[in-house]
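**Student:** sequence? don't have it. structure:
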């Protein structure tokens, strides 16, 4: 059996039937691109989400939010169970393993203006503990102080993009901007935080003011959306949660028969929730891509089966000249494998091109070695498997019958 002659003959046949070859190759290309991009998108999204979670949740932190039923319940708390700074102070006094806290409170859109320039940005409220609790200091100027919080002063910390939008290259420290037409002095510029994929917000396009200033001058309400607590590194998390639960139930006057009207969230719980969400990226998206690739394999098998009838004279002549069944089988298998190889390489090339396009638009997509290997090996395998049935059928043709046809 002359492999070189078989390969050369196979490529000549594929070249003569260009349109049919194109459609067979296209099925593999589409499947390869879909699998490659879906897996890259899933890994990139997972990493972005985990980076946001790591930034928001340290290993020694606990979130307290109003409403019972857990993170995903969507249950709303009543006015009597809104969280306040007094709740946080009470927890610090009664749960010894808690060290610091900072609130989470935000006004989604407020107009910030400076010398005719206006931007709409979210405004967050925080305390002097914000730098430590959220692990985000300033790169210029000063952070909020205890005096700012107790005095409800009109000072503001700018995100880097907000500072650039309002001041350009001008130094903003000490200058005044207006939030809803009220003047605030720029005290500092916050460290770059990047995109918060969990909430879909750019954390560099925001401002931070004292929580007391927000509640007294902007919202006129004294409750907050959530409280983040830092826990001593050597503390037992379960004991801390139990102590916090006992205090909060007593603080809210709940009876034994009443459910919690609050939710405590730990990094472990968040990671479990994210793991559930990631199933969409790690299982279902690649599954759709595999279906597309399977369809490509079916297209190869069907078109090659149709091709056998047209090539029956060629197959019969080859057998009459001494070609064995195995030679014909290998030829058809090489043809299907060649189609799959070209489709896989072309699909990967297009996939890498699309990664660069997405990167230019700020979308993180990560192609791990396993993704590349699977996106190349799987379509190649499917293409070869798709050629087995046509190759076997071609190999079993009777040369006498085919030459008489």
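**Tutor:** Cool, the structure landed. Note that the coordinates shown come from a computational prediction; the quantities given were computed from them, not determined experimentally.
**Student:** Pull the number of nearby residues for residue 250.
**Tutor:** Residues within reach of residue 250, counting by other CB atoms under 10 Å, total 11. Using the backbone N, CA and C atoms, a C-beta is placed for each residue, glycine as well.
**Student:** The one 4 residues further on too?
**Tutor:** The local packing of residue 254 (other CB under 10 Å) involves 16 other residues.
**Student:** just the one 10 residues further on next, same as before
**Tutor:** Residue 264 has 18 neighbours, counted by other CB under 10 Å.
**Student:** Next: residue 302.
**Tutor:** For residue 302, using other CB under 10 Å, the count is 14.
**Student:** I'd like to know which elements the host helix or strand of it is packed against.
**Tutor:** Of the helices and strands defined by DSSP states H and E, residue 302 is found in helix 285-310. For helix 285-310, the elements it packs on are helix 18-56, helix 325-360, helix 369-395, judged by 3 or more CB pairs under 8 Å, 6 or more residues apart in numbering; DSSP states H and E.
**Student:** My understanding was that residue 221 contacts residue 215; is that so?
**Tutor:** Yes. Contact criterion CB atoms under 8 Å: residue 221 and residue 215 qualify, at 6.2 Å.
**Student:** of the two, who's got more company?
**Tutor:** residue 215 (20 against 13).
**Student:** Report the contact partners of that one.
**Tutor:** 105, 125, 221-222 (CB atoms under 8 Å, 6 or more residues apart in numbering).
**Student:** Please repeat the previous calculation with a cut-off of 6 Å.
**Tutor:** residue 222 (CB atoms under 6 Å, 6 or more residues apart in numbering).
**Student:** in stretch 247-266, what counts as buried?
**Tutor:** 247-249, 252, 254, 260-266 (16 or more other CB atoms under 10 Å).
**Student:** which among those residues gets closest to residue 165?
**Tutor:** residue 265 (33.0 Å; CB to CB).
**Student:** Going along the chain, name the strands of the stretch 101-250 of the chain.
**Tutor:** For the stretch 101-250 of the chain, applying DSSP state E, counting those that start in this stretch gives strands covering 117-126, 138-141, 155-158, 176-179, 182-190, 195-196, 201-202, 207-210, 223-224, 226-231.
**Student:** could those strands be laid out in a markdown table, adding mean neighbour count?
**Tutor:** Listed next are these as a markdown table, based on neighbours: other CB atoms under 10 Å:
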| stretch | mean neighbour count |
| --- | --- |
| strand 117-126 | 18 |
| strand 138-141 | 16 |
| strand 155-158 | 26 |
| strand 176-179 | 18 |
| strand 182-190 | 20 |
| strand 195-196 | 18 |
| strand 201-202 | 16 |
| strand 207-210 | 26 |
| strand 223-224 | 22 |
| strand 226-231 | 21 |
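**Student:** Quick one: closest of those strands to residue 324.
**Tutor:** Nearest to residue 324, of the strands of the stretch 101-250 of the chain and by CB to CB, is strand 195-196 at 62.2 Å.
**Student:** Now the closest one: average pLDDT?
**Tutor:** Averaged across strand 195-196, the pLDDT comes to 66.
**Student:** before we move on, what about stretch 359-379?
**Tutor:** Stretch 359-379 comes out at a mean pLDDT of 81.
**Student:** Tell me the buried residues in that stretch?
**Tutor:** 364-367, 371-372, 374-376, 378-379.
**Student:** Now do the same contact list for the closest residue to residue 98 other than its chain neighbours.
**Tutor:** Leaving aside its sequence neighbours, residue 98 sits nearest to residue 229 (CB to CB, 6 or more residues apart in numbering; 5.0 Å). Shown in contact with residue 229 (CB under 6 Å, 6+ apart): 62, 98, 101.
**Student:** So, low pLDDT: which residues of the stretch 1-150 of the chain?
**Tutor:** Within the stretch 1-150 of the chain, the stretches with pLDDT under 70 are 1-17, 50-59, 69-81.
**Student:** How much space separates the residue most central in space within the chain from residue 366?
**Tutor:** The residue lying closest to the centre of the chain (CA atoms, centre = their mean) is residue 45, at 1.7 Å. The spacing between residue 45 and residue 366, counted by CB to CB, to the nearest Å, is 9 Å.
**Student:** for the stretch 201-350 of the chain, which spans come out with low pLDDT?
**Tutor:** 271-283, 285, 307-323.
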